[in-house]
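In: Sequence plus the predicted model coming up.
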Amino acid sequence: MPGPNPFTEAIRGLGDNVSNIFKGTNPLTQPSITSLFGFTVPGTPLVSSRDFFLTQMESWFTAIPMRTQWMVLIEGYPELLQTAVIQQLENTFGNSNNYDINQSMSILKSFPLNKVVGCLFAQGVDIPANEKLEVNRDKVYADKQRGFIPGLVSNGREPYGNLTLQFRETNLSFTDFVVRPWTILAENFGFVARPDGDQRNVSTNIHVFQFTRTYQKLSQIPRKMWSFYNCIPVSVDNKNLTYDQESLEINSTEWAFSNYAVANSLYLPVPDIINKIQQKGWKSLIPTISPFQKDFGT
């Protein structure tokens, strides 16, 4: 019985592979049309890999963002964060100036210093958004395991770390006149479950916005937002004073939280898209094709 005709098989393979290109199973950048006498016959590239990559890097969705454009927004401050309460909780040694924070609080938590560009004193953030599931490979019968691979067993989700916020030291210290007394409140009132509206609930929500470019002459927009719920400051780092040289003083604080969430921005680069459509039509949004296939897709 005669074997298959290689030329007939090549023609049949040609049709199969071309159809696979449009199904997405044959790459447009390196399509293999068919095989002849055991050798793969490469087809003409329908899309230029280089041009496609460069075009995608120009897109707003796949552009490299800026790491330094962010802000921290603290939703609110505890009502008990006031001189009378802190002085009752701490020993003032008869000096009414000790822990007298009312005037400082009225300035440091004011709208211009907290709501326009977020907390103006925030210098750095360590986001503890590490998700980790602890797993083991347990042996059911250790003495009869032989060559079988032990199965995976989940040991639970790893608990969250603390949110770290770093604040820039200024003449009126945000760390020492807001975060430090706030930590004292947390140390005294703890995480006891209380009804909503109870003043002893000293937690707040903190949001970290990461911004990116939009369009020329337009403001930046948040591309990602981290939200940390029921935050309470639990630690204020030591301070170091020295005579050697002047430098920017950064105070590190840690905040415990109950849960977190991350959200993407709902904004789109509308001006850029509209301009491209008006100038070149919808085809301007299609990636550059290979120079070998100028008429493809037209």
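Out: Alright, I've got the coordinates.
In: OK, contacts around Glu254?
Out: Asn162, Leu163, Thr164, Leu165, Pro233, Val234, Ser235 (C-beta atoms under 8 Å, 6 or more residues apart in numbering). In short, each C-beta sits where N, CA and C put it, glycine included.
In: ChimeraX command to pick out the buried ones of those residues?
Out: Per 16 or more other C-beta atoms under 10 Å, the buried members of the contacts of Glu254 correspond to this ChimeraX selection:
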select :162,163,164,165,233
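In: Of the contacts of Glu254, which is the nearest to Asn251?
Out: Leu165 (9.2 Å; C-beta to C-beta).
In: So that closest one: helix, strand or coil?
Out: Under DSSP: H, G, I helix; E, B strand; the rest coil, Leu165 falls in the strand class.
In: Go ahead and confirm it touches Asn251.
Out: No: look at Leu165 against Asn251 with C-beta atoms under 8 Å: they stay out of range, at 9.2 Å.
In: Return, as residue ranges, the portions of the chain with sub-threshold pLDDT.
Out: By pLDDT under 70, the low-scoring segments of the chain are 1-47, 139-145, 215-218, 266-298.
In: now the strands: where do they sit in it?
Out: In the chain, the segments counted as strands under DSSP state E are 32-36, 39-42, 70-74, 122-126, 133-138, 151-157, 163-168, 204-212, 221-236, 250-256, 259-264.
In: give me the number of residues near Ser59?
Out: Look at Ser59: counted by other C-beta atoms under 10 Å, it has 12 neighbours.
In: For Thr175, which of the strands of the chain is the nearest?
Out: strand 250-256 (4.0 Å).
In: Report the angle between the closest one and strand 204-212.
Out: 120 degrees (axes from the mean of the first three to the mean of the last three C-alpha atoms, to 10 degrees).
In: buried ones in strand 250-256?
Out: Asn251, Ser252, Thr253, Glu254, Trp255, Ala256.
In: The third one pairs with what?
Out: I take that to be Thr253. Leu165, Val236 (DSSP bridges).
In: how about it, what does it touch?
Out: Thr164, Leu165, Gln166, Phe167, Thr175, Val179, Thr183, Pro233, Ser235, Val236, Asp237.
In: Tabulate the strands of the chain (CSV), appending distance to Asp100.
Out: Compiled in CSV, the strands of the chain are given as follows (distance: least, C-beta to C-beta, whole Å):
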stretch, distance to Asp100
strand 32-36, 79
strand 39-42, 80
strand 70-74, 22
strand 122-126, 25
strand 133-138, 48
strand 151-157, 44
strand 163-168, 20
strand 204-212, 23
strand 221-236, 18
strand 250-256, 20
strand 259-264, 35
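In: Of all the ones you listed, which one comes closest to Trp60?
Out: So among the strands of the chain, strand 204-212 is nearest, using C-beta to C-beta, at 8.2 Å.
In: Kindly export the closest one (C-alpha atoms) in CSV.
Out: C-alpha atoms of strand 204-212 as CSV (Å, rounded to 0.1, in the frame of the first residue of the first chain):
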residue,chain,number,x,y,z
THR,A,204,-9.4,54.9,61.3
ASN,A,205,-9.1,53.9,57.6
ILE,A,206,-6.0,54.8,55.7
HIS,A,207,-5.8,55.0,51.9
VAL,A,208,-2.6,55.0,49.8
PHE,A,209,-3.1,56.4,46.2
GLN,A,210,-0.5,55.6,43.5
PHE,A,211,-0.7,58.2,40.7
THR,A,212,0.3,58.1,37.0
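In: Report the buried residues of that strand.
Out: Those buried within strand 204-212 under the rule 16+ other C-beta under 10 Å are Thr204, Ile206, His207, Val208, Phe209, Gln210, Phe211, Thr212.
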